[in-house]
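Peer 1: fold the stuff below for me.
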Amino acid sequence: MQREYKDAMEKITLSDSDKERILANVKKAQEQPADKVIRFSFFRIGTVAAAVVVVLVSAALIRSQFIGNDNGPGNITDPGTPGQLGTEIVWEELDSIDDIETKTDCKTYLLGDVSEQYKVKKVEVAQSQKHVKITYRNKEENDRILFEYKEEENAQDITSQFDHEAELSVEKVGDSDVKMYGVDSCDGMTWQQESCTFAVKLSKGCSKERAKKLVSGTKKKESGDGNSKDDSQKGDKGDDEKKNPNAIGWTGDEKATGPKEKKNILKKIYNQLGFRVTIEPPAKKVTYKKVGDFESFAFYYNEREELEKHRIIGYAGWDGCPKGVMNGYEEIGTVSANGVRGTVSEKETGEKLFSFTKQDISFTLLIEDWTGDDTEGVLGELLSVIRISLDDGDPEEDPEEESEEEAVKTKALREMAQKIQDIVADGSFKELAAFINYPIMIYGPDIEITGVKEFQSVVEEPIFTSDWIDAVVSYDTGRIKADTKSIRMGDSKNYIICKIKGNGMDITEIRIAPKEPAATASPDSFSD
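Peer 2: Model prediction:
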């Protein structure tokens, strides 16, 4: 403190007029009558003088700071290099990404591999610093991505914003070392590329693999390149513009089916085919049509990262699929998910296709450009949104009406039911013990079970028949909604009843129809 005081004192100077005024006031005080003179000790005089100095220095500093920062709303002063005055940063908001090229001298970079659900919300440019910020927004998911870059290597004003963030890892993407920040997931990242400093901030974290895709897809927009992804200005064309040669009956420009149109289409399909298939949340942009003797549907499933931007086209009929759908595909193996067994076929390009039968309906699912390896996981998630109706009632109102909270609960309940079906399909009956609310009655064999150990010892016996297994795994989990209270998985003779509690469910009753006695031959049939 003494050093700062001394430095401040050395910087204070008084004009001649100030000196004369102060001396005149001192002389006037000395000439006052003795009884009116306010006596000061040298200590008090020194204290007052110090206080005056502090006030003067503070006022000077405040005035200097106020003047230095008075650059208008939304503007920032760049401190610049030591010994130089700061450079004013003026941010300008543009109408679209294309305006970066036409209205500024800045380069235009595009954030790669962003889902079509993300629209450009804001474009800001500081032209003097060649610093650009682009904000993407996914309204449905209430998610934002801030993408920014500056035409300067190791720009501290970009990298320093992560100084207080936990470093997740450093990943090599192309020629760049990408620093990722976050705890369990990547919330932000920064990297150098082509003499520029880049950064991404995510309102919702993502996996490191997903983050690497965002970086690897980032590229410079060349002059005249219309692929700006500025959907807020150019309309939502989406991925439907692509046409897969195996997508029989689809032109590639179909729009999502509205509630009224959906009701009419599905009613006609039921009248002609005797069944209908609905695609439920979290599937998006669902389109329905009839192709030959098949119901056909298209949708997007963005809940799984590897399926983002890949359109799924399906066909449902009593047998096979439309001619041409399987062209170029060869069967490479079988797959089992959610109690359904099917086949996986593949093209030379690696693109895969699923075919299976559920509730006597033949399905073929074509996933455009998907070449992943987790066939069981992908098929399981796609099965979760497919619902088969064999009754003649009107299709339900558009399930998109579900709130976000309800959609989360619906998804959790369906996954729980599918897990139970997987256990039954695999014959891992001991694992059912964790889902049972004890005591429980197993009707048919008429066995009452009081606890986990007793259940596990009983199920070692062959009490679960193939008819019971088939009935349970054929239950359509798409019937489950957020407000469902209980479900019966099976038919009238073979089933389990589950009561729903929160986002989970308990098995409260099991019924297994006795095996039909095998026909025995009459003694006369063995006579000569």
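
Peer 1: run through the helices of the stretch 301-450 of the chain in chain order.
Peer 2: 375-383, 404-425 (DSSP state H, counting those that start in this stretch).

Peer 1: what does the stretch 51-200 of the chain give?
Peer 2: Counting by DSSP H, counting those that start in this stretch, the helices of the stretch 51-200 of the chain are 98-103, 156-159.

Peer 1: want to throw those helices into TSV with mean pLDDT?
Peer 2: Converted to TSV, the helices of the stretch 51-200 of the chain look like this (pLDDT from 0 to 100):
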stretch	mean pLDDT
helix 98-103	90
helix 156-159	92
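
Peer 1: out of those, flag the one nearest Asp113.
Peer 2: For Asp113, the closest of these is helix 98-103, at 19.9 Å, according to CB to CB. No exception for glycine: its C-beta is placed from N, CA and C like everyone else's.

Peer 1: who are the packing partners of the closest one?
Peer 2: For helix 98-103, the elements it packs on are strand 119-126, judged by 3 or more CB pairs under 8 Å, 6 or more residues apart in numbering; DSSP states H and E.

Peer 1: so Lys347 touches Gly328, yeah?
Peer 2: Yes: using CB atoms under 8 Å, Lys347 is in contact with Gly328, at 5.0 Å.

Peer 1: thinking again about what came up before, mean pLDDT lowest for which of the helices of the stretch 301-450 of the chain?
Peer 2: Among the helices of the stretch 301-450 of the chain, helix 404-425 has the lowest mean pLDDT, at a mean of 86.

Peer 1: right, and the helices of the stretch 51-200 of the chain - which one's nearest Lys309?
Peer 2: Taking CB to CB, helix 98-103 is the member of these nearest to Lys309, at 21.9 Å.

Peer 1: can you point out the buried residues in that closest one?
Peer 2: 98-101 (16 or more other CB atoms under 10 Å).

Peer 1: ok, now stretch 499-517?
Peer 2: Under the neighbour-count criterion of 16+ other CB under 10 Å, stretch 499-517 has 500, 505, 507, 509-513 buried.

Peer 1: helix or strand: which one has Pro281?
Peer 2: Pro281 belongs to no helix or strand when assigned by DSSP states H and E.

Peer 1: quick revisit: rebuild the helices of the stretch 51-200 of the chain as TSV, extending it with distance to Arg137.
Peer 2: Converted to TSV, the helices of the stretch 51-200 of the chain look like this (distance: least, CB to CB, whole Å):
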stretch	distance to Arg137
helix 98-103	18
helix 156-159	21
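
Peer 1: still on that earlier bit, Ala337: which of the buried residues of stretch 499-517 is nearest?
Peer 2: Taking CB to CB as the measure, Ala337 sits nearest to Met505 out of the buried residues of stretch 499-517, at 19.3 Å.

Peer 1: please tell me how far the closest one sits from Asp470.
Peer 2: 21 Å (CB to CB, to the nearest Å).

Peer 1: repeat for Ala316
Peer 2: With the distance defined as CB to CB, Ala316 ends up 20 Å from Asp470.

Peer 1: do the same with Gly372
Peer 2: 29 Å.

Peer 1: for Val473, what are phi and psi?
Peer 2: Dihedral angles phi and psi of Val473 (degrees, to the nearest 10) take the values phi -80, psi -20.

Peer 1: quick one, phi/psi of Val472?
Peer 2: Dihedral angles of Val472 (phi, psi; degrees, to the nearest 10) stand at phi -70, psi -50.

Peer 1: count of neighbours near it?
Peer 2: 24 (other CB atoms under 10 Å).

Peer 1: equivalent analysis for Asn271, please.
Peer 2: For Asn271, using other CB under 10 Å, the count is 10.

Peer 1: for the helix or strand hosting it, name the packing helices and strands.
Peer 2: Following DSSP H and E, one finds Asn271 within helix 259-273. Judged by 3+ CB pairs under 8 Å, 6+ apart, the packing partners of helix 259-273 are strand 276-279, strand 284-291, strand 294-300.

Peer 1: which ones are touching the nearest residue to Gly444 once chain neighbours are set aside?
Peer 2: In space, Gly444 comes closest to Ile512 once its chain neighbours are excluded; the distance is 3.8 Å by CB to CB, 6 or more residues apart in numbering. By CB atoms under 8 Å, 6 or more residues apart in numbering, the residues touching Ile512 are 442-445, 463-465, 468, 494.

Peer 1: any weak-confidence spans in the chain?
Peer 2: Applying pLDDT under 70 to the chain picks out residues 1-87, 222-243, 391-402, 460-461, 516-528.

Peer 1: distance of Ile269 from Ile440?
Peer 2: Going from Ile269 to Ile440 by CB to CB gives 40 Å.

Peer 1: list the contacts for the residue lying closest to Glu346 once chain neighbours are set aside?
Peer 2: Spatial nearest neighbour of Glu346, excluding adjacent residues (CB to CB, 6+ apart): Ile332 at 4.8 Å. With contact taken as CB under 8 Å, 6+ apart, Ile332 is in contact with 344-346.

Peer 1: got it, and Ile449?
Peer 2: 436, 438-442, 455, 458.

Peer 1: how much space between Arg479 and Arg511?
Peer 2: As judged by CB to CB, Arg479 and Arg511 stand 19 Å apart.

Peer 1: so which of the helices and strands packed on helix 259-273 gets nearest Ala247?
Peer 2: strand 294-300 (8.0 Å).
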